[in-house]
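Student: no FASTA, just this:
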């Protein structure tokens, strides 16, 4: 049975999520008070409504209890996001994902019922920053505090070795997810695969393990460096 997902608010993040969900096998409901935004999505979703969700009883009438996940993105209207999040929780919805602009908003939304809060600028910054400090680190994704996925350049010391010979998992505790060949990432490789110069790979592990493997600082240091001595 396909999942039922409701996207409430078609601001930037909500719109992107709704567009991406179109290619998945799920039932998608979108709601926004902006008629133009809803009409742009109407032909590609299971159901769509134009309404102000802050109105009493609108949530009960429009969102079935069978919905598995609710995503809320009201843009800069933080108070509205709080009101709707709290009402959804009281109605018995327990998988509520809400967009916020900063940590303070995230803390408030979590306290009133959000199960997950997304701060888009923080996520983007965490992915981009490693590539700013080193050309050999790209596209960081933090799964939890001690688990990240990162695109790293193959260290010179393992170039020419096979995966079996390099012993990356045994020596560093890392899992290789993908390897870039001819500009395209592939996950179809075995332990006989031989590493090439200037090659990128995607690995998963702790920040400390990836730093030891790559020789590059992955997470921020406690003391920032000064421009001038």
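Tutor: Perfect, I can see it now. Please read these numbers as outputs of a predicted model, since none were measured by experiment.
Student: Now do the contacts for the nearest residue to residue 118 once chain neighbours are set aside.
Tutor: For residue 118, ignoring the flanking residues on the chain, the nearest one in space by CB to CB, 6 or more residues apart in numbering is residue 99 at 5.3 Å. Using the backbone N, CA and C atoms, a C-beta is placed for each residue, glycine as well. Contacts for residue 99 were tallied using CB atoms under 8 Å, 6 or more residues apart in numbering; they are 9, 11, 13-14, 72-75, 81, 117-120.
Student: Next up, the contacts around the residue lying closest to residue 119 once chain neighbours are set aside.
Tutor: Leaving out its chain neighbours, the residue that sits closest to residue 119 by CB to CB, 6+ apart is residue 100, at 5.3 Å. With contact taken as CB under 8 Å, 6+ apart, residue 100 is in contact with 78, 81, 106, 109, 117, 118, 119.
Student: how about the residues you listed, which pair is most distant?
Tutor: Greatest spacing in those, by CB to CB: 78 and 118 (13.6 Å).
Student: domain assignment for the chain?
Tutor: In terms of domains, the chain is parsed into 3-118, 123-214 (source: automatic domain parsing).
Student: Give me the residues contacting stretch 51-65.
Tutor: By CB under 8 Å, 6+ apart, stretch 51-65 touches 4, 6, 8-9, 29, 31, 33, 49, 70, 80, 83-84, 87-88, 91-93.
Student: Tell me where this protein has helices.
Tutor: 12-21, 35-41, 58-62, 78-90, 103-111, 120-133, 163-166, 168-172, 207-214 (DSSP state H).
Student: Nearest to residue 179, out of those?
Tutor: So among these, helix 163-166 is nearest, using CB to CB, at 8.9 Å.
Student: starting at the chain centroid, how far to that closest one?
Tutor: Per CA atoms, centre = their mean, to the nearest Å, the displacement of helix 163-166 from the mean C-alpha position of its chain is 31 Å.
Student: Flag every buried residue along it.
Tutor: 163, 166 (16 or more other CB atoms under 10 Å).
Student: Show me what that helix is packed up against.
Tutor: Where contact means 3 or more CB pairs under 8 Å, 6 or more residues apart in numbering; DSSP states H and E, helix 163-166 is not packed against any helix or strand.
Student: mind checking pLDDT for the residue nearest to residue 119?
Tutor: Per-residue pLDDT puts residue 100 at 94.
Student: Any figure for the gap between it and residue 72?
Tutor: According to CB to CB, to the nearest Å, residue 100 and residue 72 sit 10 Å apart.
Student: cool, residue 109 as well?
Tutor: For residue 109, the distance to residue 72 equals 9 Å [CB to CB].
Student: Any chance you could list residues touching both of those two?
Tutor: Taking CB under 8 Å, 6+ apart as the criterion, residue 109 and residue 72 both touch 81, 85, 98.
Student: So among these, which ones count as buried?
Tutor: The buried subset of the shared contacts of residue 109 and residue 72 - by 16+ other CB under 10 Å - is 81, 85, 98.
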